[in-house]
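Visitor: coords please:
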Amino acid sequence: MISRLGIDRRCVAGMFLQVLVMHGACDPICEASDAANLARHIAGSELVEVEGADHWYKGRQQQLLDAVTVFAVKAGREKGMCFCDD
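Guide: Sure, this is the predicted structure:
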């Protein structure tokens, strides 16, 4: 996937970013292996596969929102940020 996007692996190999890579388990366009490969090449990334989701997450928006929220809160806590529901 990285090569198909025109991204040189050397550009992401040394990166450490908090990146959430999402993949719909029923995606007819992007293969799960592409999402896994992308996540594997970005240190600090997290891969979340949304069960039953297609490429557009139709009918799975709440699962998408929940995954992003969990990731953002976790990343914020790691940076020392606090949230009003803590």
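Visitor: just checking, F71 touches V48?
Guide: Yes. With contact defined as CB atoms under 8 Å, F71 counts as touching V48 (7.5 Å). To be clear about C-beta, it is placed using only N, CA and C from the backbone, and glycine gets the same treatment.
Visitor: now the helices for this structure?
Guide: Residue ranges of the helices in the chain, as given by DSSP state H, are 9-13, 32-40, 61-78.
Visitor: check the average confidence over the shortest one, would you?
Guide: Per-residue confidence for helix 9-13 averages out to 65 on the pLDDT scale.
Visitor: and what of the second one?
Guide: Predicted confidence along helix 32-40 averages 91 (mean pLDDT).
Visitor: returning to what we had before: is it possible to get CSV of the helices of the chain that adds distance to C26 and mean neighbour count?
Guide: Formatted as CSV, the helices of the chain follow (distance: least, CB to CB, whole Å; neighbours: other CB atoms under 10 Å):
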stretch, distance to C26, mean neighbour count
helix 9-13, 27, 11
helix 32-40, 10, 16
helix 61-78, 12, 13
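Visitor: V19: which of those is closest?
Guide: Each of the helices of the chain was checked against V19 via CB to CB, and the shortest separation belongs to helix 32-40, namely 7.7 Å.
Visitor: mind giving me the packing neighbours of the closest one?
Guide: The contact analysis (3 or more CB pairs under 8 Å, 6 or more residues apart in numbering; DSSP states H and E) places helix 32-40 against strand 20-24, strand 46-50.
Visitor: pipe these into a markdown table and attach distance to M81, mean neighbour count and mean pLDDT per row.
Guide: Below are the helices and strands packed on helix 32-40 laid out as a markdown table (distance: least, CB to CB, whole Å; neighbours: other CB atoms under 10 Å; pLDDT from 0 to 100):
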| stretch | distance to M81 | mean neighbour count | mean pLDDT |
| --- | --- | --- | --- |
| strand 20-24 | 16 | 19 | 96 |
| strand 46-50 | 18 | 17 | 96 |
